[in-house]
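Just the structure for this:
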Amino acid sequence: MIEMKHDRNKDTQAIIDMNDSLMMNAASHLPAGTDVAQQVVAATASGIAGLDALLNDNGIAQREYKAVASGYLIDEYGLSGAELEGEIDALMTEALHYLDRHQKDFDNWQK
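The predicted structure is shown next:
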């Protein structure tokens, strides 16, 4: 993979957008009153595939999360092919770690 210079501010905003979208999607599948961020963090502790079991949505949330990451990386960095796939995985992992560290921030939008 080619080492590329990331724009940390834009990357962070993309991560926030990815997680906002994920929280809205998850909230629509989980019972009212659920701590959505905590449930998503627990479900994805071993990776994004854990969303499928939590949301029982045939992978829709996972594909949407990946699509947001992909769109951002294509638009911002012009990536494609294997390099794009590697960066998508890295960005999704980073976004899940961000969600874990900022659960309360994502819980607040629900209130």
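
Run a quick neighbour tally on Pro86.
One thing to correct before we go on: residue 86 is Gly, not Pro. 14 (other CB atoms under 10 Å). C-beta coordinates here come from the backbone N, C-alpha and C atoms, glycine included.

so what pLDDT did it get?
Looking at Gly86, its pLDDT is 94.

Contact partners for Ala37?
Met23, Leu99, Gln103, Lys104, Phe106, Asp107 (CB atoms under 8 Å, 6 or more residues apart in numbering).

Can I have the buried ones of those residues as a ChimeraX selection?
Here is the ChimeraX selection string for the buried members of the contacts of Ala37, based on 16 or more other CB atoms under 10 Å:
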select :23,99,103,106
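
In helices, which of the contacts of Ala37 fall?
Using DSSP state H, Met23, Leu99, Gln103, Lys104, Phe106, Asp107 are the members of those that sit in helices.

Which two among the contacts of Ala37 are spaced furthest apart?
Distances among those were taken as CB to CB; the most separated pair is Met23 and Lys104, at 12.2 Å.

For the contacts of Ala37, point out the one with the lowest pLDDT.
Within the contacts of Ala37, pLDDT is lowest for Asp107, at 75.

Helix or strand for the closest residue to it other than its chain neighbours, just tell me which one.
Leaving aside its sequence neighbours, Asp107 sits nearest to Ala37 (CB to CB, 6 or more residues apart in numbering; 5.1 Å). Remark: Ala37 resides in helix 36-43, with elements defined by DSSP states H and E.
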